[in-house]
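> next input, structure requested:
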Amino acid sequence: MGGDGGHGPVVIVGPTASGKSALALELARRARAGPDIAGTTELVSVDSMQVYRGMDIGTAKPTAAEQADVPHHLIDLVDPAERFTVVDYATAFEAAMSDIADRGAVPLLVGGTGLYLRAVIDGLTPPPEFADIAAELEAAVGAEGEPEGTVALHRRLAELDPLAASRMEPTNLRRIVRALSVCLGSGRPFSSFGPGLQSYPEVPFRIVGIDLGREALDELISDRYRQQMEQGFLEEVRWLAAQPLSRTAAQALGYKELRAHLAGECTLEEALDVAIARTRRFARRQQRWFARDPRIMWIPYGSPAEMADRVDQLDT
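Numbers count the residues shown, from 1 in each chain. Okay, the predicted model is just below:
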(Lines give C-alpha, C1' and ligand atoms only; values in the text may rest on other atoms or scores of the structure.)
Protein backbone atom coordinates (compact mmCIF):
# COMPACT_ATOMS: atom_id res chain seq x y z
CA MET A 1 0.00 0.00 0.00
CA GLY A 2 2.96 2.32 0.42
CA GLY A 3 3.37 2.61 -3.36
CA ASP A 4 0.97 4.43 -5.62
CA GLY A 5 -0.21 1.23 -7.30
CA GLY A 6 -2.31 3.44 -9.54
CA HIS A 7 -4.42 4.48 -6.57
CA GLY A 8 -2.61 7.56 -5.26
CA PRO A 9 -0.76 8.22 -2.00
CA VAL A 10 -2.19 7.00 1.29
CA VAL A 11 -3.31 9.16 4.21
CA ILE A 12 -3.66 7.67 7.71
CA VAL A 13 -6.05 9.57 10.00
CA GLY A 14 -7.74 9.03 13.34
CA PRO A 15 -7.96 10.45 16.86
CA THR A 16 -4.97 11.04 19.09
CA ALA A 17 -3.38 7.91 20.59
CA SER A 18 -5.09 5.60 18.09
CA GLY A 19 -1.85 4.24 16.63
CA LYS A 20 -1.62 6.28 13.42
CA SER A 21 2.14 6.74 13.56
CA ALA A 22 2.81 3.09 14.39
CA LEU A 23 0.63 2.00 11.47
CA ALA A 24 2.30 4.45 9.10
CA LEU A 25 5.74 3.23 10.12
CA GLU A 26 4.68 -0.39 9.59
CA LEU A 27 3.32 0.41 6.12
CA ALA A 28 6.43 2.39 5.21
CA ARG A 29 8.77 -0.36 6.39
CA ARG A 30 6.84 -2.99 4.44
CA ALA A 31 6.86 -0.84 1.32
CA ARG A 32 10.54 0.01 1.63
CA ALA A 33 11.32 -3.71 1.84
CA GLY A 34 9.46 -4.34 -1.40
CA PRO A 35 10.91 -4.70 -4.88
CA ASP A 36 9.36 -1.64 -6.55
CA ILE A 37 9.31 2.16 -6.28
CA ALA A 38 7.44 1.81 -3.00
CA GLY A 39 10.81 1.06 -1.45
CA THR A 40 11.29 4.83 -1.15
CA THR A 41 8.15 5.59 0.88
CA GLU A 42 8.53 8.66 3.12
CA LEU A 43 6.21 9.89 5.89
CA VAL A 44 4.61 13.33 5.94
CA SER A 45 3.29 14.53 9.30
CA VAL A 46 -0.09 16.27 9.37
CA ASP A 47 0.12 17.45 12.97
CA SER A 48 -0.14 21.05 14.14
CA MET A 49 2.01 20.47 17.25
CA GLN A 50 4.79 18.28 15.87
CA VAL A 51 5.98 21.28 13.86
CA TYR A 52 7.46 22.73 17.07
CA ARG A 53 11.06 21.94 18.01
CA GLY A 54 11.54 20.69 21.54
CA MET A 55 7.94 19.55 21.91
CA ASP A 56 8.77 15.91 21.42
CA ILE A 57 7.41 13.65 24.16
CA GLY A 58 4.07 15.35 24.62
CA THR A 59 3.31 15.40 20.89
CA ALA A 60 4.32 11.73 20.47
CA LYS A 61 6.82 12.83 17.86
CA PRO A 62 8.65 10.03 16.00
CA THR A 63 11.84 9.08 17.80
CA ALA A 64 15.30 9.70 16.39
CA ALA A 65 15.56 5.98 15.61
CA GLU A 66 12.24 5.99 13.75
CA GLN A 67 13.25 9.07 11.78
CA ALA A 68 16.54 7.40 10.88
CA ASP A 69 14.66 4.28 9.75
CA VAL A 70 12.09 6.07 7.59
CA PRO A 71 12.40 9.68 6.34
CA HIS A 72 9.90 12.05 7.99
CA HIS A 73 8.75 15.48 6.84
CA LEU A 74 7.05 18.52 8.43
CA ILE A 75 8.23 17.99 11.99
CA ASP A 76 10.57 20.36 13.88
CA LEU A 77 9.87 23.25 11.51
CA VAL A 78 9.79 26.18 13.96
CA ASP A 79 10.61 27.11 17.55
CA PRO A 80 7.71 27.08 20.03
CA ALA A 81 7.82 30.88 20.23
CA GLU A 82 7.11 31.25 16.52
CA ARG A 83 3.65 31.70 15.10
CA PHE A 84 2.72 28.91 12.68
CA THR A 85 -0.53 28.87 10.74
CA VAL A 86 -2.39 26.55 8.41
CA VAL A 87 -1.10 28.70 5.53
CA ASP A 88 2.47 28.15 6.71
CA TYR A 89 1.77 24.44 6.89
CA ALA A 90 0.31 24.35 3.37
CA THR A 91 3.40 26.12 2.03
CA ALA A 92 5.74 23.69 3.79
CA PHE A 93 3.62 20.76 2.60
CA GLU A 94 3.93 21.76 -1.06
CA ALA A 95 7.70 22.04 -0.70
CA ALA A 96 7.93 18.64 0.99
CA MET A 97 5.76 16.94 -1.63
CA SER A 98 7.88 18.44 -4.40
CA ASP A 99 11.04 17.28 -2.65
CA ILE A 100 9.67 13.75 -2.28
CA ALA A 101 8.57 13.65 -5.92
CA ASP A 102 11.99 14.87 -7.11
CA ARG A 103 13.52 11.75 -5.55
CA GLY A 104 10.93 9.48 -7.11
CA ALA A 105 9.68 8.59 -3.64
CA VAL A 106 6.10 8.01 -2.49
CA PRO A 107 4.54 10.11 0.30
CA LEU A 108 2.50 8.56 3.08
CA LEU A 109 0.58 11.20 5.04
CA VAL A 110 -0.18 10.62 8.72
CA GLY A 111 -1.81 12.80 11.35
CA GLY A 112 -4.86 13.95 13.21
CA THR A 113 -5.05 17.68 12.50
CA GLY A 114 -8.15 17.67 10.34
CA LEU A 115 -8.03 21.29 9.21
CA TYR A 116 -4.41 20.98 8.06
CA LEU A 117 -5.30 17.85 6.10
CA ARG A 118 -8.31 19.45 4.42
CA ALA A 119 -6.22 22.51 3.58
CA VAL A 120 -3.62 20.50 1.68
CA ILE A 121 -5.66 17.74 0.04
CA ASP A 122 -8.69 19.89 -0.82
CA GLY A 123 -6.88 23.16 -1.40
CA LEU A 124 -8.96 25.06 1.13
CA THR A 125 -7.99 28.71 1.45
CA PRO A 126 -8.40 30.00 4.98
CA PRO A 127 -10.12 33.34 5.66
CA PRO A 128 -7.96 36.47 5.90
CA GLU A 129 -6.40 37.37 9.22
CA PHE A 130 -7.16 40.48 11.24
CA ALA A 131 -4.39 40.46 13.82
CA ASP A 132 -5.22 43.84 15.38
CA ILE A 133 -8.85 42.87 15.99
CA ALA A 134 -7.80 39.49 17.35
CA ALA A 135 -5.40 41.19 19.76
CA GLU A 136 -8.17 43.51 20.97
CA LEU A 137 -10.50 40.57 21.55
CA GLU A 138 -7.87 38.70 23.51
CA ALA A 139 -7.16 41.79 25.59
CA ALA A 140 -10.87 42.08 26.38
CA VAL A 141 -10.92 38.50 27.58
CA GLY A 142 -7.97 39.24 29.79
CA ALA A 143 -9.87 42.13 31.31
CA GLU A 144 -12.98 40.07 31.98
CA GLY A 145 -11.15 36.97 33.12
CA GLU A 146 -11.10 33.36 31.97
CA PRO A 147 -13.26 31.46 31.19
CA GLU A 148 -16.13 33.91 31.54
CA GLY A 149 -14.66 36.29 29.00
CA THR A 150 -14.22 33.50 26.46
CA VAL A 151 -17.82 32.38 26.87
CA ALA A 152 -18.95 35.99 26.39
CA LEU A 153 -16.99 36.15 23.12
CA HIS A 154 -18.64 32.91 22.05
CA ARG A 155 -22.08 34.45 22.64
CA ARG A 156 -21.04 37.43 20.52
CA LEU A 157 -19.89 35.09 17.76
CA ALA A 158 -23.21 33.24 17.97
CA GLU A 159 -25.01 36.50 17.21
CA LEU A 160 -22.86 37.22 14.13
CA ASP A 161 -22.29 33.68 12.85
CA PRO A 162 -24.45 31.01 14.55
CA LEU A 163 -23.07 28.28 12.28
CA ALA A 164 -19.44 28.96 13.18
CA ALA A 165 -20.31 29.24 16.87
CA SER A 166 -22.05 25.87 16.78
CA ARG A 167 -18.88 24.23 15.49
CA MET A 168 -16.64 25.15 18.42
CA GLU A 169 -16.53 24.80 22.17
CA PRO A 170 -17.55 28.00 24.04
CA THR A 171 -14.26 27.80 25.97
CA ASN A 172 -11.92 27.47 22.97
CA LEU A 173 -10.45 30.96 23.03
CA ARG A 174 -8.14 30.56 20.03
CA ARG A 175 -10.86 29.38 17.64
CA ILE A 176 -13.44 31.87 18.91
CA VAL A 177 -11.07 34.82 18.52
CA ARG A 178 -10.13 33.66 15.04
CA ALA A 179 -13.75 33.38 13.88
CA LEU A 180 -14.96 36.54 15.57
CA SER A 181 -12.06 38.64 14.30
CA VAL A 182 -12.88 37.53 10.74
CA CYS A 183 -16.56 38.38 11.20
CA LEU A 184 -15.72 41.84 12.51
CA GLY A 185 -12.86 42.54 10.12
CA SER A 186 -14.47 41.34 6.91
CA GLY A 187 -18.12 42.04 7.61
CA ARG A 188 -18.86 38.47 6.54
CA PRO A 189 -19.62 35.34 8.55
CA PHE A 190 -16.50 33.29 9.23
CA SER A 191 -18.38 30.21 7.99
CA SER A 192 -18.93 31.81 4.56
CA PHE A 193 -15.30 31.68 3.45
CA GLY A 194 -13.84 29.12 1.06
CA PRO A 195 -15.55 26.19 -0.64
CA GLY A 196 -16.62 25.02 2.79
CA LEU A 197 -15.66 22.13 4.98
CA GLN A 198 -18.96 20.48 4.11
CA SER A 199 -17.74 19.77 0.57
CA TYR A 200 -15.75 16.57 0.02
CA PRO A 201 -14.39 16.57 -3.55
CA GLU A 202 -12.61 13.66 -5.14
CA VAL A 203 -8.89 13.73 -4.35
CA PRO A 204 -5.83 11.77 -5.55
CA PHE A 205 -5.35 10.28 -2.10
CA ARG A 206 -6.66 7.16 -0.38
CA ILE A 207 -7.68 8.16 3.12
CA VAL A 208 -7.67 5.40 5.74
CA GLY A 209 -9.09 5.96 9.21
CA ILE A 210 -8.54 3.98 12.42
CA ASP A 211 -11.85 3.09 14.03
CA LEU A 212 -12.12 2.30 17.73
CA GLY A 213 -14.68 2.67 20.50
CA ARG A 214 -14.79 5.36 23.16
CA GLU A 215 -13.72 3.15 26.07
CA ALA A 216 -10.74 1.73 24.18
CA LEU A 217 -9.67 5.20 23.10
CA ASP A 218 -10.00 6.55 26.64
CA GLU A 219 -7.72 3.79 27.88
CA LEU A 220 -5.16 4.41 25.15
CA ILE A 221 -5.05 8.10 26.06
CA SER A 222 -4.48 7.32 29.74
CA ASP A 223 -1.79 4.78 28.85
CA ARG A 224 -0.04 7.27 26.59
CA TYR A 225 0.16 9.90 29.33
CA ARG A 226 1.60 7.32 31.73
CA GLN A 227 4.22 6.34 29.18
CA GLN A 228 5.04 9.97 28.40
CA MET A 229 5.58 10.75 32.08
CA GLU A 230 7.96 7.81 32.29
CA GLN A 231 9.80 9.16 29.25
CA GLY A 232 10.39 12.54 30.92
CA PHE A 233 7.41 14.62 29.81
CA LEU A 234 7.47 16.76 32.98
CA GLU A 235 11.13 17.65 32.41
CA GLU A 236 10.34 18.59 28.82
CA VAL A 237 7.56 20.91 30.02
CA ARG A 238 9.85 22.37 32.70
CA TRP A 239 12.32 23.35 29.97
CA LEU A 240 9.56 24.78 27.77
CA ALA A 241 8.07 26.74 30.66
CA ALA A 242 11.21 28.88 30.68
CA GLN A 243 10.82 29.69 26.97
CA PRO A 244 8.51 32.16 25.23
CA LEU A 245 5.64 30.26 23.61
CA SER A 246 3.36 31.16 20.73
CA ARG A 247 -0.36 31.19 21.43
CA THR A 248 -0.83 27.86 19.65
CA ALA A 249 2.10 26.10 21.31
CA ALA A 250 0.97 27.35 24.73
CA GLN A 251 -2.39 25.60 24.31
CA ALA A 252 -0.90 22.18 23.49
CA LEU A 253 -2.67 19.41 25.39
CA GLY A 254 -0.69 18.09 28.32
CA TYR A 255 1.81 20.93 28.18
CA LYS A 256 -0.69 23.52 29.38
CA GLU A 257 -1.80 21.41 32.33
CA LEU A 258 1.72 20.43 33.41
CA ARG A 259 2.81 24.07 33.23
CA ALA A 260 0.00 24.85 35.65
CA HIS A 261 1.39 22.22 38.01
CA LEU A 262 4.91 23.62 37.74
CA ALA A 263 3.50 27.07 38.51
CA GLY A 264 2.08 25.68 41.75
CA GLU A 265 -1.54 25.94 40.66
CA CYS A 266 -2.36 22.24 41.16
CA THR A 267 -0.83 18.90 42.08
CA LEU A 268 0.73 16.67 39.45
CA GLU A 269 -2.13 14.21 39.80
CA GLU A 270 -4.69 16.98 39.28
CA ALA A 271 -2.81 18.26 36.24
CA LEU A 272 -2.76 14.80 34.65
CA ASP A 273 -6.44 14.25 35.41
CA VAL A 274 -7.33 17.49 33.65
CA ALA A 275 -4.98 16.74 30.74
CA ILE A 276 -6.50 13.28 30.25
CA ALA A 277 -10.06 14.66 30.38
CA ARG A 278 -9.29 17.43 27.91
CA THR A 279 -7.47 15.06 25.59
CA ARG A 280 -10.41 12.67 25.62
CA ARG A 281 -12.76 15.51 24.68
CA PHE A 282 -10.37 16.55 21.92
CA ALA A 283 -10.27 12.97 20.62
CA ARG A 284 -14.09 12.93 20.46
CA ARG A 285 -14.01 16.08 18.34
CA GLN A 286 -11.42 14.46 16.05
CA GLN A 287 -13.65 11.41 15.66
CA ARG A 288 -16.67 13.56 14.79
CA TRP A 289 -14.60 15.58 12.32
CA PHE A 290 -13.32 12.54 10.45
CA ALA A 291 -16.67 10.71 10.64
CA ARG A 292 -18.17 13.41 8.42
CA ASP A 293 -15.74 12.67 5.58
CA PRO A 294 -17.28 10.04 3.27
CA ARG A 295 -13.96 9.48 1.50
CA ILE A 296 -12.37 7.77 4.51
CA MET A 297 -12.07 3.98 4.43
CA TRP A 298 -12.24 2.72 8.01
CA ILE A 299 -10.27 -0.16 9.49
CA PRO A 300 -10.63 -1.52 13.05
CA TYR A 301 -7.99 -0.71 15.65
CA GLY A 302 -5.41 -3.41 16.31
CA SER A 303 -1.67 -3.97 16.41
CA PRO A 304 0.37 -2.13 13.76
CA ALA A 305 0.80 -5.40 11.85
CA GLU A 306 -2.92 -6.22 12.03
CA MET A 307 -3.91 -2.76 10.84
CA ALA A 308 -1.30 -2.83 8.07
CA ASP A 309 -2.74 -6.13 6.87
CA ARG A 310 -6.18 -4.51 6.77
CA VAL A 311 -4.84 -1.59 4.76
CA ASP A 312 -3.14 -3.96 2.32
CA GLN A 313 -6.44 -5.81 1.89
CA LEU A 314 -8.06 -2.58 0.71
CA ASP A 315 -6.02 -2.98 -2.49
CA THR A 316 -7.44 -6.40 -3.27
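> am I right that Pro62 is in a strand?
No: looking at Pro62 with DSSP: H, G, I helix; E, B strand; the rest coil, it is coil, so not inside a strand.
> so it is in contact with Ile75, correct?
Yes: the criterion here is Cβ atoms under 8 Å, and Pro62 meets it with Ile75 at 7.0 Å. No exception for glycine: its C-beta is placed from N, CA and C like everyone else's.
> so what sits against both of the two?
Ser45 (Cβ atoms under 8 Å, 6 or more residues apart in numbering).
> ends of stretch 8-27, how far apart?
15 Å (Cα to Cα, to the nearest Å).
> distance from that stretch to the middle of the chain?
In this view, stretch 8-27 has its centroid 12 Å away from the chain centroid, taken as Cα atoms, centre = their mean, to the nearest Å.
> buried set for that stretch?
By neighbour count with 16 or more other Cβ atoms under 10 Å, stretch 8-27 contains the buried residues 9-27.
> which stretches of the stretch 101-250 of the chain form helices?
114-121, 131-144, 148-160, 162-166, 173-186, 214-230, 233-241, 247-250 (DSSP state H, counting those that start in this stretch).
> identify whichever of those lies nearest to Val208.
Nearest to Val208, of all those, is helix 114-121, at 12.3 Å by Cβ to Cβ.
> contact partners of that closest one?
With Cβ under 8 Å, 6+ apart as the criterion, helix 114-121 contacts 11, 13, 46-48, 86, 89-90, 93-94, 109, 111, 124, 126, 197, 203, 205, 207, 286, 289-290.
> distance of the residue nearest in space to the middle of the chain from Val13?
Taking Cα atoms, centre = their mean, the centroid of the chain lies closest to Thr113, which sits 2.6 Å from it. Thr113 sits 9 Å away from Val13, going by Cβ to Cβ, to the nearest Å.
> give me the domain ranges for the chain.
Using automatic domain parsing, the domain ranges for the chain come out as 10-125+205-212+295-313, 131-192, 214-287.
> weakest of those domains by average pLDDT?
With a mean of 87, domain 131-192 has the lowest mean pLDDT of these.
> stretch 246-261: end-to-end distance?
Start and end residues of stretch 246-261 are separated by 20 Å (Cα to Cα).
> buried sites along that stretch?
If you call a residue buried by 16+ other Cβ under 10 Å, then stretch 246-261 has these buried ones: Thr248, Ala249, Ala252, Leu253, Gly254, Tyr255, Lys256, Glu257, Leu258, Arg259, Ala260, His261.
> distance from the chain centre to stretch 159-175, please.
Here the centre of stretch 159-175 is set off from its chain's centre by 19 Å, with Cα atoms, centre = their mean.
> got the end-to-end distance for it?
So stretch 159-175: terminal residues 16 Å apart, Cα to Cα.
> now stretch 48-61
First-to-last distance for stretch 48-61 - Cα to Cα - comes to 11 Å.
> do stretch 77-92 as well
End-to-end span of stretch 77-92 (Cα to Cα): 9 Å.
> got a list of contacts for it?
So stretch 77-92 is in contact with 48, 51-55, 74, 115-116, 119-120, 126, 129, 240, 243-249, going by Cβ under 8 Å, 6+ apart.
> do that again at 10 Å, thanks
With contact meaning Cβ atoms under 10 Å, 6 or more residues apart in numbering, stretch 77-92 is reached by 44-55, 73-74, 96, 113, 115-120, 123-126, 129, 131, 178, 240, 243-250, 252, 255.
> could you do stretch 127-143 as well?
Contacts of stretch 127-143 (Cβ under 10 Å, 6+ apart): 83, 85, 87, 147-153, 156-157, 173-174, 176-186, 188-194, 247.
> repeat that for 7 Å
The list of residues contacting stretch 127-143 from outside it, by Cβ atoms under 7 Å, 6 or more residues apart in numbering, reads 149-150, 153, 173, 177-178, 180-182, 184-186, 190, 193.
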